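Enquirer: Fold the following and give me the result.
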Amino acid sequence: MSLPSSPPPRRSWAATWRVYTEPASLRMLALGFSAGLPLLLVLGTLSFWLREAGVDRTTIGYLSWVGLAYAFKWVWAPLVDRLPLPLLTRALGRRRSWLLLAQTLVVLGLVGMAGNDPQQALTPLVWCALAVAFGSATQDIALDAYRIESADTERQAALSATYQSGYRLAMIWAGAGVLWLAARSEAAGLSGYQAGAWRMAYLAMAASMAVGIITVLLAPEPQPRPQPPAQGLADWLHGALVAPFADFLGRYRWQALLILALIAVYRISDVVMGIMANPFYVDMGFTKDEVAAVTKIYGVLMTLGGAFLGGAMALRWGVMRVLLLGALLSATSNLLFAWLATRGHDLTGLIFVVSADNLAGGIASAAFIAYLSGLTNVQYSATQYALFSSMMLLAPKWLAGFSGRFVDAYGYQEFFVGTALLGLPVLLLVLLAGRVRPPA
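Expert: Next comes the predicted model:
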């Protein structure tokens with residue numbers, strides 16, 4: 001079955017790559033860093049910390065439900081989209097004021113996580129992680145709207161690629177950086193888990209949010225979109241809560257169900273597998289420095305390459321074709337982890353598997369973000385994009401909560417094969433969604 005959508009007009013490769021040097025693209029690089037920093041600190045890197053502290057895999061899997069804050073951000077997205085903040089909105093504008101508020105909450109949550117030891121009391125750490133996740137999800141709402149309103153549709157793939165680049169650079173710092181700082185902060189002569197080392201690492205992460213805060217203060221506010229005046233509270237609530245969803249359903253009608261189904265499962269293979277990745281590395285005997293170097297630096301650089309390649313291919317060949325390629329590569333790469341599970345502590349094998357998996361993930365992410373951006377109406381950009389990106393995470397994050405229990409029962413090899421099989425229905429949905437014509 002072929003995708004009928006026609007590719008955009010041909011342009012030279014030089015003109016294609018030049019889009020990455022435009023001011024809007026460069027701003028998204030820095031803001032992407034701010035968005036990417038908190039995610040690993042409440043999911044991936046936190047799972048490494050918890051496993052080293054002796055927390056069992058089943059509990060780690062359930063604690064991944066902290067990430068459901070990202071899946072439910074559509075609930076408060078209408079407020080971020082329409083509600084002005086006292087003093088801040090007048091000084092900074094609607095998008096930047098919400099960005100600054102969200103970034104402040106992330107900083108406070110990270111400081112709280114740094115002050116708690118999961119070996120002594122797990123609950124306070126979880127509450128602080130929830131605060132970070134809520135602030136990070138709110139930042140994502142405002143940032144997605146800022147990105148969509150900063151350039152035309154043709155450049156959204158490029159903006160998503162530079163956003164992904166900043167995001168992945170932050171993940172290097174929030175992944176490799178945390179592990180490196182924790183390893184260097186360990187007291188000499190002592191072995192095993194040391195809470196103080198993780199405390200110093202997380203305080204450094206809180207300080208690193210200054211990159212996003214400074215960018216927000218210096219960046220221009222997008223041209224505000226005109227909103228019809230509200231005739232009372234009921235009219236305002238209708239415009240904020242009902243109109244964004246009614247607009248999407250009205251534009252796509254019955255095809256909206258197909259689009260939403262694709263959004264809900266597109267990244268399911270990666271998300272479900274990712275929760276157990278760090279416990280897997282710990283259990284295979286890889287050290288902090290090995291995991292930092294291979295998975296958090298080299299692997300993320302491969303993701304950056306995939307993101308830029310995916311963005312360029314989307315500009316040249318069209319989003320839907322790259323979306324299909326990304327789905328196929330993402331599911332297939334999980335089988336490589338099943339192979340690695342049979343190898344034990346094999347550093348060369350780890351490099352090979354991480355390279356292939358992260359390159360595939362970068363291509364898929366760039367195409368998927370461009371696809372979601374193209375679905376939004378700029379009049380409701382924050383709310384609609386939050387709905388799409390929330391649906392992307394809801395089912396995968398819920399299912400990922402049981403990943404530790406599955407590994408405890410059946411082992412890593414069976415788990416990775418199962419996550420690859422989860423990606424098969426995605427291919428069919430992409431082919432069907434490729435037949436959906438954009439509304440006039």
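
Enquirer: remind me which residues of the stretch 201-350 of the chain are low pLDDT?
Expert: Along the stretch 201-350 of the chain, the parts satisfying pLDDT under 70 run over 224-233, 236-241.

Enquirer: now with 50?
Expert: Across the stretch 201-350 of the chain, nothing is flagged by pLDDT under 50.

Enquirer: I'd say Y70 and F134 touch.
Expert: No - assessed by CB atoms under 8 Å, Y70 is found out of contact with F134, at 9.3 Å. Every residue, glycine included, has its C-beta placed from N, CA and C.

Enquirer: Dump the helix or strand harbouring N278 to PDB, keeping only the CA atoms.
Expert: In this structure, N278 is located in helix 277-283 according to DSSP states H and E. What follows is helix 277-283, C-alpha atoms only, in PDB (Å, rounded to 0.1, in the frame of the first residue of the first chain):
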ATOM      1  CA  ALA A 277      16.400   0.700  30.000                       C
ATOM      2  CA  ASN A 278      18.400   2.000  32.900                       C
ATOM      3  CA  PRO A 279      17.500  -0.800  35.300                       C
ATOM      4  CA  PHE A 280      18.600  -3.100  32.400                       C
ATOM      5  CA  TYR A 281      22.000  -1.400  32.300                       C
ATOM      6  CA  VAL A 282      22.400  -1.600  36.000                       C
ATOM      7  CA  ASP A 283      21.500  -5.300  36.100                       C
END
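
Enquirer: list the buried ones in the next helix or strand after that helix?
Expert: Later in the chain than helix 277-283, the nearest helix or strand by DSSP H and E is helix 288-291. For helix 288-291, the neighbour count (16 or more other CB atoms under 10 Å) marks K288, E290, V291 as buried.

Enquirer: Please name the residues that touch the last one.
Expert: Right, the one you point to is V291. F48, A176, L179, N278, Y281 (CB atoms under 8 Å, 6 or more residues apart in numbering).

Enquirer: For the fourth one, the count of nearby residues, please.
Expert: The burial metric for N278, expressed as a neighbour count using other CB atoms under 10 Å, is 27.

Enquirer: Confirm for me that it is in contact with L43.
Expert: No - applying CB under 8 Å as the test, N278 and L43 come out as separate, 9.1 Å apart.

Enquirer: I figured M302 hits N358, correct?
Expert: Yes - contact criterion CB under 8 Å: M302 and N358 qualify, at 4.1 Å.

Enquirer: CSV please, covering the contacts of V291 and showing distance to K296.
Expert: Shown next, in CSV, are the contacts of V291 (distance: CB to CB, whole Å):
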residue, distance to K296
F48, 10
A176, 3
L179, 7
N278, 10
Y281, 10
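
Enquirer: Let me know the secondary structure of V216.
Expert: helix (DSSP: H, G, I helix; E, B strand; the rest coil).

Enquirer: ok, now how distant is it from W98?
Expert: According to CB to CB, to the nearest Å, V216 stands 10 Å off from W98.

Enquirer: how about the helices in the stretch 1-150 of the chain?
Expert: Applying DSSP state H, counting those that start in this stretch to the stretch 1-150 of the chain gives helices spanning 13-18, 23-42, 44-52, 57-63, 68-71, 77-82, 88-92, 94-114, 122-149.

Enquirer: Mind checking which of the contacts of V291 are buried?
Expert: Applying 16+ other CB under 10 Å to these flags F48, A176, L179, N278, Y281 as buried.

Enquirer: Of those residues, which is the nearest to G306?
Expert: G306 has its nearest neighbour among those in A176, at 17.8 Å by CB to CB.

Enquirer: Hmm, the closest one is touching Y298, no?
Expert: No - contact between A176 and Y298 fails when scored by CB under 8 Å: they sit 9.0 Å apart.

Enquirer: Would you check that L105 makes contact with G135?
Expert: Yes - L105 is within contact range of G135, at 3.1 Å (criterion: CB under 8 Å).
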